[in-house]
Structures are given as structure tokens and as C-alpha cells.
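Student: With the sequence up front, the predicted model follows.
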Amino acid sequence: MVTASRTAQEAAAAVVDPEMPMLTLDDLGVLRSVEEDGDTVTVTITPTYSGCPAIEAMRDDLRASLAGAGYRKVTVRTVLSPAWSTDWITAAGRRKLAEHGIAPPDRLGHRPSGPVPLTLTASSAVVRCPRCGSPATDELSRFGPTACTALRRCTSCREPFEHMKEI
């Protein structure tokens with residue numbers, strides 16, 4: 001019998017993303033499910049993309065958080081289908097991104113299943129500055145410090161910022 005200090009769901013939901021520590025895996029939509037079966041906990045995650053370099057750190061952090069909450073048998077499963085989407089980021093996660101100077105992605109809405117189309121040109125969508133709210137921003141680089149971000153600059157307040165790309 002497990003005597004846990006908090007539920008498995010709470011322990012897993014509190015784990016922060018290794019690359020964007022202002023977000024939990026739950027905020028990011030990476031945490032898919034947490035199931036308890038007796039003294040075993042199975043956590044299912046979907047990384048932001050199949051080659052995500054942070055996946056091992058996520059697994060380790062989930063196991064450590066659950067062990068710290070009193071769970072001894074923890075399995076972390078990775079599922080790639082359906083593919084993760086920025087639409088899975090919670091409202092709280094979007095707010096936290098903006099509070100930390102990262103413009104959150106727009107919502108893409110429903111897409112058909114199958115391969116995700118690759119777009120080689122920059123998005124034509126308006127990206128508002130997370131600091132001053134101006135829509136007058138320029139893309140400096142399609143690639144930022146993580147694969148899912150781009151570097152932008154606000155032409156109003158002149159501040160650089162990251163934008164989480166829509167996936």
C-alpha cells in the first residue's frame with residue numbers, strides 16, 4: 001500500500017520542462033495521463049517532437065517526483081501518436097510564457113491525421129510583443145535556443161523576444 005504525500009497526478013503535473021522551466025509538463029501538454037494500479041504508477045508523455053533531447057530528463061524528473069511523493073514503482077511511457085501540438089499548451093501555460101517574455105503560439109485548431117506538413121517559409125501570422133503588446137514585430141531568426149522557438153524583435157519597444165512556433 002502506498003502512503004503518498006500527494007497524488008500521483010499532482011506529483012507528475014508539478015514536474016517542470018527541462019528546456020522551459022517556467023512551464024510544467026502539464027502546462028506544456030506533454031503529460032498525457034497518470035494511471036495508478038495498486039503500487040504501480042504509469043505516466044504517459046508525448047514529447048514536443050520525436051527527437052526531443054529533453055525526453056530523458058523528463059523521464060528522470062517524473063520518476064524522481066513520484067518517488068519523492070511515495071511511489072516506488074514508476075513506469076514512464078512515451079507515445080508519439082497523436083503528435084504533440086502547441087494547441088495542447090494550457091491557458092496557464094500560455095500566460096506563463098508571456099509573463100516570461102516568450103510570445104505564446106497561436107492555436108492551429110483541428111488538423112487531419114497523418115504527416116505534419118513542413119513549412120520552410122516564415123509564418124505570416126502577426127506575433128504580438130509579450131512585453132508591450134505591439135503587433136509590429138520582425139523575425140530575426142526562424143530558430144531560437146530551442147527547436148520550437150524563433151527569435152523576434154519588437155519594432156515599437158525595440159526589445160528582442162522569443163516566439164514559440166505553432167506546431
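Tutor: Nice, I can see it.
Student: so where do the helices sit in the protein?
Tutor: Ranges of helices in the chain, per DSSP state H, are 8-13, 25-28, 55-68, 91-99.
Student: And the residue nearest to the spatial centre of the chain, how close does it get to residue 166?
Tutor: Computing the C-alpha centroid of the chain and ranking residues by CA atoms, centre = their mean puts residue 28 first, at 3.0 Å. Using CB to CB, to the nearest Å, residue 28 is found at 14 Å from residue 166. Just so you know, the C-beta spots here come from the backbone N, C-alpha and C atoms, and that holds for glycine as well.
Student: Likewise for residue 41?
Tutor: From residue 41 to residue 166 the distance is 32 Å (CB to CB).
Student: Look at the two and report which has more neighbours.
Tutor: residue 41 (27 against 16; other CB atoms under 10 Å).
Student: residue contacts, the more buried one?
Tutor: 8, 12, 34-35, 66, 71, 73-75 (CB atoms under 8 Å, 6 or more residues apart in numbering).
Student: all strands of the chain, in order?
Tutor: 31-37, 40-45, 73-78, 102-103, 137-141, 149-154, 160-164 (DSSP state E).
Student: what does the shortest one contact?
Tutor: In this case it means strand 102-103. 20, 97, 127-130, 137, 149, 152, 161-164.
Student: change it to 6 Å
Tutor: 127, 130, 162-164 (CB atoms under 6 Å, 6 or more residues apart in numbering).
Student: ditto for the fifth one
Tutor: Counting by CB under 6 Å, 6+ apart, the neighbours of strand 137-141 from elsewhere in the structure are 122, 127, 129, 150-154.
Student: Same question for the last one.
Tutor: Outside strand 160-164, the residues within contact range by CB under 6 Å, 6+ apart are 101-105, 127, 130, 144, 148-150, 152-153.
Student: buried residues in it?
Tutor: Residues 161-164 are the ones in strand 160-164 that count as buried (16 or more other CB atoms under 10 Å).
Student: That one pairs with which strands?
Tutor: strand 102-103 (parallel), strand 149-154 (antiparallel) (DSSP bridges).
Student: how far is it from where the chain is centred?
Tutor: The chain centre lies 15 Å from the centre of strand 160-164; the measure is CA atoms, centre = their mean, to the nearest Å.
Student: Okay, angle between it and strand 137-141 too, please.
Tutor: 80 degrees (axes from the mean of the first three to the mean of the last three CA atoms, to 10 degrees).
Student: Disregarding flanking residues, what is the spatial nearest neighbour of residue 155?
Tutor: The shortest distance from residue 155 to any non-neighbouring residue, by CB to CB, 6 or more residues apart in numbering, is to residue 136 (4.4 Å).
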